[in-house]
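J.: sequence first, predicted model second:
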Amino acid sequence: MMAQQRDGRLVRSSVSTGLGQESRLALLVEHAEHNLSRLIDQHTTYMITEIDVYRSEAVSRDDVRRSVEHNMRYLVSAVRDPAAPRDLSAPRETGRRRAHQGVPLPEVLRAYRTGISALWDLFSEPARDARDSSMLDTLISVGKFLWQLGDEYSIELTESYRATTADLLVSQHQRRSALAEALFTGSPGEGAGPWELSKLLGLPADGDLIVVASENSSTAEEGLPRIETRLSERGINSAWRLTPALQMGVVSLRTGERDELIALLEDKARARVGVSPVYQLLKDTPRALHLARVALTGVRPGRAEVRVFEASPLAALVAQDMDEGKRIVSRVLGAVLELPADDREVLLDTLRAWFDHAGSAEHAAEQLYCHPNTVRYRLRRVQELTGRSLAEPYGIADLAAALQALHLDPMY
């Protein structure tokens, strides 16, 4: 008998050679066709009772039976005429449909293998009662051909399943990206409010949320590579959108996960990254994105650094109009900024320390490692240069707003 080849041509020749007489092959095929409906029902019942994914009704019984019938009839047809062109539409359709239904590939192949085995048993029934020993030779040749078919069909099914799965993953990613874009812009479209978006994206409608905005390291190249996967590995849900210039994500946080998130961002950042304050309502995502982008611009260009926006109402107010913030800095702190660099930094650091410690010169001095009188002297210089008094509410408000605007501007 000639060696078999994967293209099936020598396989067909070996079947014909082994039969001896075509009538024996016709007898086996006729028996299989006559009893095929019984076998289809039996194998359908086997799949539904013995294979978990089918028992769970992930696939309807009618669907299972249609698939079993479709594949078995194609197999019997191929055995009837081994020389006919191979029709692989049945396994391709099964692979495509099961991928759409989310049935695991190993379970699909298990059903396929057991179906081939059941079909082989059906073909062998006439040979068991035959007195002609040559019928056994015919059965052996049919068996070889049938298992060859099973191998070819399984390969075709697997390739169809994987191709469909890849398409589904691309489609799912594109859909999530579009939904995330709707969340960031605040324009979800008709019939898709925050509640619907949260469900579709797998985010809570009322939990703690943070927006992350990362500058791309180059055009459309993520500044936070594979960040959604890395967060998912830690049990943190998120949804991301990539534009040519920016990578944006909404991250859902449980208690204690904020520090873990920041640490991961700092470890993986390949470009400037801004992080919004924590917020609770998905409808506030556009505002949070704006604050994350403001925080990003607070990092000097070229640095791979993470900056978190301070959860301060004044900082958020100043951040709404960065151009106005620059004008506030110029009007209030202009004279201070014109000083030599060392003098300028000393006065600004002292003013920040005074605000950070609720106007206490003593506590500010402890932070700055100097005497409280030194802090008071520096603050008097600030008041003289700015024309704002730290004893008057409006003067304090002007200086606080200017410091916040200064903090948000990477040029200072």
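T.: On my side now, so go ahead. On a predicted model such as this, the values are computed, not experimentally measured, just so you know.

J.: how many residues are close by A166?
T.: A166 has 11 neighbouring residues, counting by other CB atoms under 10 Å. Placement of C-beta: from N, CA and C, glycine included.

J.: helix or strand for it, which one?
T.: Following DSSP states H and E, one finds A166 within helix 134-185.

J.: same question, I48
T.: According to DSSP H and E, I48 maps onto helix 36-50.

J.: what sits up against the next helix or strand after that helix?
T.: Using DSSP H and E, the helix or strand that follows helix 36-50 in sequence is helix 52-55. With contact meaning CB atoms under 8 Å, 6 or more residues apart in numbering, helix 52-55 is reached by M47, I48, T49, V59, V64, V103, P104, E107, A111.

J.: quick one: which of these is nearest P393?
T.: Distance ranking of the contacts of helix 52-55 against P393, using CB to CB, places P104 first at 67.1 Å.

J.: skipping adjacent residues, who's closest to that closest one in space?
T.: V53 (6.4 Å; CB to CB, 6 or more residues apart in numbering).

J.: what's the pLDDT at that neighbour?
T.: What the model reports for V53 is a pLDDT of 84.

J.: where in the chain is pLDDT low?
T.: Flagging of the chain using pLDDT under 70 yields the residue ranges 1-21, 129-133, 170, 172, 187-200, 204-206, 220, 311-322, 408-412.

J.: would A83 count as being in a helix?
T.: No. The assignment for A83 by DSSP: H, G, I helix; E, B strand; the rest coil gives coil, which leaves it out of any helix.

J.: surely V76 meets V29?
T.: Yes. If you go by CB atoms under 8 Å, V76 and V29 touch, sitting 6.5 Å apart.

J.: neighbours of the residue nearest to P104, how many?
T.: Counted with other CB under 10 Å, V53 comes out at 19.

J.: can you point out the buried residues in stretch 161-171?
T.: Y161, T164, T165 (16 or more other CB atoms under 10 Å).

J.: just stretch 64-76 next, same as before
T.: Residues of stretch 64-76 classed as buried by neighbour count (16+ other CB under 10 Å): V64, R65, R66, S67, V68, E69, H70, N71, M72, Y74, L75, V76.

J.: in helices only, show me those.
T.: V64, R65, R66, S67, V68, E69, H70, N71, M72, Y74, L75, V76 (DSSP state H).

J.: I'd like the residues you listed laid out as TSV, including distance to E233.
T.: Output for these, formatted as TSV (distance: CB to CB, whole Å):
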residue	distance to E233
V64	35
R65	40
R66	39
S67	35
V68	38
E69	42
H70	40
N71	38
M72	42
Y74	42
L75	42
V76	47
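
J.: nearest to E362, of these?
T.: V64 (79.5 Å).

J.: how close does the closest one sit to E57?
T.: Look at V64 and E57: by CB to CB, to the nearest Å, they are 10 Å apart.

J.: same question for L75.
T.: Applying CB to CB to L75 and E57 gives a distance of 26 Å.

J.: same check, this time on T49
T.: Taking CB to CB as the measure, T49 falls 12 Å from E57.

J.: what does S171 give?
T.: 25 Å.

J.: now do H363
T.: Taking CB to CB as the measure, H363 falls 67 Å from E57.

J.: higher neighbour count, these two?
T.: H363 (16 against 10).

J.: three-state assignment of the residue lying closest to K268 once chain neighbours are set aside?
T.: Once flanking residues are discounted, K268 sits nearest to L224: 5.4 Å by CB to CB, 6+ apart. Under three-state DSSP, L224 falls in the coil class.

J.: wait, a strand at P277?
T.: No. Remark: P277 does not belong to a strand; assigned using three-state DSSP, it is coil.

J.: that one against F309, yeah?
T.: Yes. Under the criterion of CB under 8 Å, P277 makes contact with F309 at 5.6 Å.

J.: these two: which has the busier surroundings?
T.: Higher neighbour count among P277 and F309: F309, with 26 against 19, using other CB under 10 Å.

J.: what separation do you get for the closest residue to the more buried one other than its chain neighbours and V275?
T.: Of all residues not flanking F309 in the chain, A295 sits nearest, at 4.0 Å (CB to CB, 6+ apart). Going from A295 to V275 by CB to CB gives 6 Å.

J.: what do those two both touch?
T.: Joint contacts of A295 and V275 (CB under 8 Å, 6+ apart) are A213, R307, V308, F309.

J.: cross those against strands and list the overlap.
T.: Assigned to strands by DSSP state E, the following of those qualify: A213, R307, V308.

J.: now those as TSV including distance to N373?
T.: Formatted as TSV, these follow (distance: CB to CB, whole Å):
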residue	distance to N373
A213	44
R307	34
V308	34
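
J.: would you turn the residues you listed into a markdown table with distance to G334 and neighbour count?
T.: Output for these, formatted as a markdown table (distance: CB to CB, whole Å; neighbours: other CB atoms under 10 Å):
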| residue | distance to G334 | neighbour count |
| --- | --- | --- |
| A213 | 30 | 27 |
| R307 | 25 | 20 |
| V308 | 28 | 20 |
